[in-house]
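Peer 1: next input, structure requested:
(2 chains)
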2 protein chains.
Amino acid sequence: MKTLVVHAHPEPQSFNSAMAARLVDAFKARGDEVATSDLYQMGFNPVASAADFTERGNPEYLNYALEQRHGVKTETIAPDIRAELDKLLWCDTLVLNFPIFWFSTPAILKGWIDRVFVSGAVYGGRAFYDKGRLRGRRAMVSVSLGGRTNMFGPGAVHGPLEDMLRPLLRGTLYYAGFDVVTPFVAHHVPYIDDAARAALLEELDAHVARFDSLETLSFPSLDDFDDQMNPIAAGQGAST
Amino acid sequence: MKTLVVHAHPEPQSFNSAMAARLVDAFKARGDEVATSDLYQMGFNPVASAADFTERGNPEYLNYALEQRHGVKTETIAPDIRAELDKLLWCDTLVLNFPIFWFSTPAILKGWIDRVFVSGAVYGGRAFYDKGRLRGRRAMVSVSLGGRTNMFGPGAVHGPLEDMLRPLLRGTLYYAGFDVVTPFVAHHVPYIDDAARAALLEELDAHVARFDSLETLSFPSLDDFDDQMNPIAAGQGAST
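Peer 2: Residues are numbered from 1 along each chain as shown, chains lettered A, B, ... in the order given. Okay, the predicted model is just below:
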């Protein structure tokens, strides 16, 4: 199996960067071939813009998604995007490892998604969710954050972390077709000691060791919606 | 009243950019003083990094939030952040206008949040949600997207748009203390004709005209949690 680990932390000595290194080792220990994209180290440009296309379908007016489709078809998409898209299409497993910034990805990783999850290659038209172009692959999110465990979950001050991460887990990874496994979450990281951090890295090893049997998050199937994306009434599904 | 409109679209001729211009006019029509941050036009750098501080509290190890606090205290935060932070602290009303990219903000706007919502100035410690430093101010999100109205809401294929926008509405704006009003949403934009677009801009005018009476989204109050952020059992609230 082929695994791509995308990592986004500005401090190479951080615990989150140690998590990224540990993920690489743990997936290799399963026998996977592992590629990495360390976005800060690469100086990855996260800003989607007209400069992302060496040739334009419409040079007068930028419709980003249409130009993505044109760029993929004519092989005129910017080389830094093409290189990352090739890694994305190559992998069976995508791992996103990052510190939670404002309950979501750091901008450098958001921009990797904006630019690399290319329309026409990753999704398009009705090809999303369980019809997304990357279906059959698995994705995992691995995060560190400052909050304590009691701050997340039903009734907790921030509610379930999965609800905060919905645009990423459902709106991005599942949108593209990935089966999204239970995230790995390292809580309270700035405030814990080395022993607690070492224990978290061992939990991360164990999470990856049971990767194939990790539960996947449950999201709607397009089979339950018609061509206009209206819900199909119960009992009018596949049999009608 | 003072209003800051932050706008993030790569195409100045886009409908979303027309929305931004209309927002400025509509808030001025209410008598507001209006400032703008057109992030693409400014070439705003969205990547949080060590370069954001001209002096470091800890030059050996980057803890971004700690350096933000140090930078605010010692007035050594990067000038581009300081300028935006001054606008943020100046405004009574913050408006974020952007096209939905992957059910959230374009990276350039996510990075404006990562860098400008500075720890120690906007939030800190237990100063978040209704205790956030920006409490007493109002925020509004104004978005355009490709999906049709029937794709959002309870039971719809993507569920309620507010749920997808939770990390922004609750996890960012409310976190900093803003009262967050009902978002303005322009659906199906790439596929509609000029008349439908003109009608949407008139709806936007009307939305701003009734801005003071717009409903605010309902989120938890820290009064319902103790100092450890555990929920206070019903009946054990303010009276205990």
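Peer 1: residue ranges in chain A under the pLDDT threshold?
Peer 2: Residue ranges of chain A with pLDDT under 70: A:234-240.
Peer 1: where do the helices of it begin and end?
Peer 2: Using DSSP state H, the helices of chain A run over A:15-29, A:39-42, A:64-73, A:79-90, A:107-116, A:161-164, A:166-168, A:194-209.
Peer 1: let's have the ones you listed in JSON lines, adding mean neighbour count and distance to chain B.
Peer 2: To be clear about C-beta, it is placed using only N, CA and C from the backbone, and glycine gets the same treatment. What follows is the helices of chain A, written out as JSON lines (neighbours: other Cβ atoms under 10 Å in any protein chain shown; distance: least, Cβ to the nearest Cβ, whole Å):
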{"stretch": "helix A:15-29", "mean neighbour count": "19", "distance to chain B": "11"}
{"stretch": "helix A:39-42", "mean neighbour count": "18", "distance to chain B": "7"}
{"stretch": "helix A:64-73", "mean neighbour count": "20", "distance to chain B": "7"}
{"stretch": "helix A:79-90", "mean neighbour count": "16", "distance to chain B": "13"}
{"stretch": "helix A:107-116", "mean neighbour count": "26", "distance to chain B": "3"}
{"stretch": "helix A:161-164", "mean neighbour count": "20", "distance to chain B": "5"}
{"stretch": "helix A:166-168", "mean neighbour count": "27", "distance to chain B": "4"}
{"stretch": "helix A:194-209", "mean neighbour count": "15", "distance to chain B": "14"}
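Peer 1: now the ones you listed in a markdown table, with distance to A:V6?
Peer 2: Formatted as a markdown table, the helices of chain A follow (distance: least, Cβ to Cβ, whole Å):
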| stretch | distance to A:V6 |
| --- | --- |
| helix A:15-29 | 9 |
| helix A:39-42 | 7 |
| helix A:64-73 | 19 |
| helix A:79-90 | 9 |
| helix A:107-116 | 6 |
| helix A:161-164 | 19 |
| helix A:166-168 | 12 |
| helix A:194-209 | 15 |
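Peer 1: for A:H188, find the nearest of those.
Peer 2: Distance to A:H188, taken as Cβ to Cβ, is lowest for helix A:194-209 among the helices of chain A, at 8.3 Å.
Peer 1: the closest one to helix A:15-29, inter-axis angle?
Peer 2: If you take axes from the mean of the first three to the mean of the last three Cα atoms, to 10 degrees, helix A:194-209 sits at 40 degrees to helix A:15-29.
Peer 1: report the contact partners of the residue nearest to A:V116 when sequence neighbours are not counted.
Peer 2: Of all residues not flanking A:V116 in the chain, A:E84 sits nearest, at 4.4 Å (Cβ to Cβ, 6 or more residues apart in numbering or on different chains). A:E84 makes contact with A:37, A:44, A:112, A:115-116, according to Cβ atoms under 8 Å, 6 or more residues apart in numbering or on different chains.
Peer 1: and the closest residue to A:E162 other than its chain neighbours, how far is that from B:F103?
Peer 2: Spatial nearest neighbour of A:E162, excluding adjacent residues (Cβ to Cβ, 6+ apart): A:L169 at 6.3 Å. Look at A:L169 and B:F103: by Cβ to Cβ, to the nearest Å, they are 10 Å apart.
Peer 1: again, but for A:R135
Peer 2: 19 Å.
Peer 1: what about the two, which has more around it?
Peer 2: For A:R135 and B:F103, the more surrounded residue by other Cβ atoms under 10 Å in any protein chain shown is B:F103, and the numbers stand at 22 against 15.
Peer 1: what is A:S119 paired to in the beta sheet?
Peer 2: When bridges are called by DSSP bridges, A:S119 pairs up with A:Y123.
Peer 1: that one contacts A:H70, correct?
Peer 2: No. Under the criterion of Cβ atoms under 8 Å, A:S119 is not in contact with A:H70, lying 9.8 Å apart.
Peer 1: please identify the buried residues of stretch A:43-59?
Peer 2: By neighbour count on 16 or more other Cβ atoms under 10 Å in any protein chain shown, the buried set for stretch A:43-59 is A:44-49, A:52-53, A:56-57.
Peer 1: ok, now stretch A:1-12?
Peer 2: Buried, per 16+ other Cβ under 10 Å, within stretch A:1-12: A:3-12.
Peer 1: quick one: the nearest residue to A:A107 once chain neighbours are set aside from A:D212, how far?
Peer 2: Counting by Cβ to Cβ, 6+ apart, B:G111 is the residue found nearest to A:A107 once chain neighbours are left out, at 3.2 Å. Going from B:G111 to A:D212 by Cβ to Cβ gives 36 Å.
Peer 1: kindly report the same for A:T149.
Peer 2: 26 Å.
Peer 1: go on, A:V72?
Peer 2: Distance of A:V72 to A:D212, computed by Cβ to Cβ: 31 Å.
Peer 1: show me the contacts for the residue lying closest to A:V181 once chain neighbours are set aside.
Peer 2: Nearest residue to A:V181, sequence neighbours excluded (Cβ to Cβ, 6+ apart): A:L214, at 4.0 Å. A:L214 makes contacts with A:140, A:181-182, A:207, as judged by Cβ under 8 Å, 6+ apart.
Peer 1: now, the residues you listed that are in strands?
Peer 2: The strands, defined by DSSP state E, take in A:M140 from the contacts of A:L214.
Peer 1: which of the contacts of A:L214 tops the neighbour count?
Peer 2: Result: A:M140 is most packed of these (other Cβ under 10 Å), 26 neighbours.
Peer 1: does A:L204 touch A:R22 like I think?
Peer 2: Yes. Counting by Cβ under 8 Å, A:L204 touches A:R22, with 5.4 Å between them.
Peer 1: need the contact partners of stretch A:120-132.
Peer 2: Contacts of stretch A:120-132 (Cβ under 8 Å, 6+ apart): A:68-69, A:72-73, A:85, A:88-89, A:117, A:133-134, A:174-178, A:219-223, A:227, B:157.
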